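> Okay, predicted coordinates and the sequence, questions at the end:
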Amino acid sequence: MSSPEEAEIRFLIKELGDFTNGLHKRVAVGDKVELEGPYGKLSFDFEQPQIWIAGGVGIAPFLSALSVRKSTQQGDAATNTQPVHLYYCTHGRDEILEQELAQLCEQNGMTLTIVNSKCDKLLNVNQLQHDHATLNKQQVYFCGPKAFSRSLREGLSRIGMDVGKQFHQELFDMR
């Protein structure tokens with residue numbers, strides 16, 4: 001989830017299986033590790049109005065994009081003037097991550113909506129239409145589970161969005 005502008009590498013790992021459960025207890029500062037990846041790539045056009053939708057650990061590429069956007073804003077005041085709305089959809093609270101997201105979005109002049117599926121209605125196309133009067137003119141960037149992507153793509157297509165050109169995605173499967 002690090003960006004090329006950052007001096008350190010950061011990871012966002014969901015404890016889900018045999019390998020990731022307890023990983024933070026098995027790896028220590030100074031340990032040698034072998035890295036593979038990253039896999040996938042979302043290429044952001046910061047000069048287009050955008051909606052970013054992250055499902056769970058799908059927030060990682062958006063954290064990187066926030067850093068890139070911030071550094072390019074500092075370099076060129078004319079860049080990144082288009083609005084961006086980030087939806088972080090999660091199952092439960094992570095106050096540290098949410099505070100970091102809020103701070104980064106504020107620094108970037110972006111809107112942040114956190115959708116906690118434990119207590120909030122799931123994000124859907126109806127909510128996006130309610131929040132964005134010009135939804136069909138937005139670029140939508142998505143990283144999250146396949147089923148969530150499928151639901152959004154089908155709904156956006158039904159309302160007339162050209163999802164082939166306006167919906168950019170990275171998917172993952174959780175086992």
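Perfect, I can see it now. Since this is a predicted model, take the numbers as computed values, not measurements. Residues are numbered from 1 along each chain as shown.

> which residues of this protein fall in helices?
Using DSSP state H, the helices assigned to the chain run over residues 23-26, 60-75, 95-107, 125-131, 146-158, 163-166.

> Please work out which of these is packed deepest.
Most buried of those, by mean neighbour count (mean count of other Cβ atoms under 10 Å): helix 60-75, with a mean of 18. All C-beta spots, glycine's among them, are computed from the backbone N, C-alpha and C.

> mean confidence for it?
On average, the pLDDT along helix 60-75 is 77.

> Could you do stretch 129-146 as well?
Stretch 129-146 comes out with an average pLDDT of 94.

> and that stretch, how far apart are its ends?
Length of stretch 129-146, first residue to last, Cα to Cα, to the nearest Å: 21 Å.

> picking that back up, identify whichever of the helices of the chain lies nearest to N116.
Closest of these to N116 is helix 95-107, at 9.3 Å (criterion: Cβ to Cβ).

> next one: that closest one to chain centre, how far?
Distance, stretch centre to chain centre, for helix 95-107: 13 Å (Cα atoms, centre = their mean, to the nearest Å).

> Adding distance to V33 as columns, could you present the helices of the chain in CSV?
Shown next, in CSV, are those (distance: least, Cβ to Cβ, whole Å):
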stretch, distance to V33
helix 23-26, 10
helix 60-75, 17
helix 95-107, 22
helix 125-131, 39
helix 146-158, 28
helix 163-166, 38
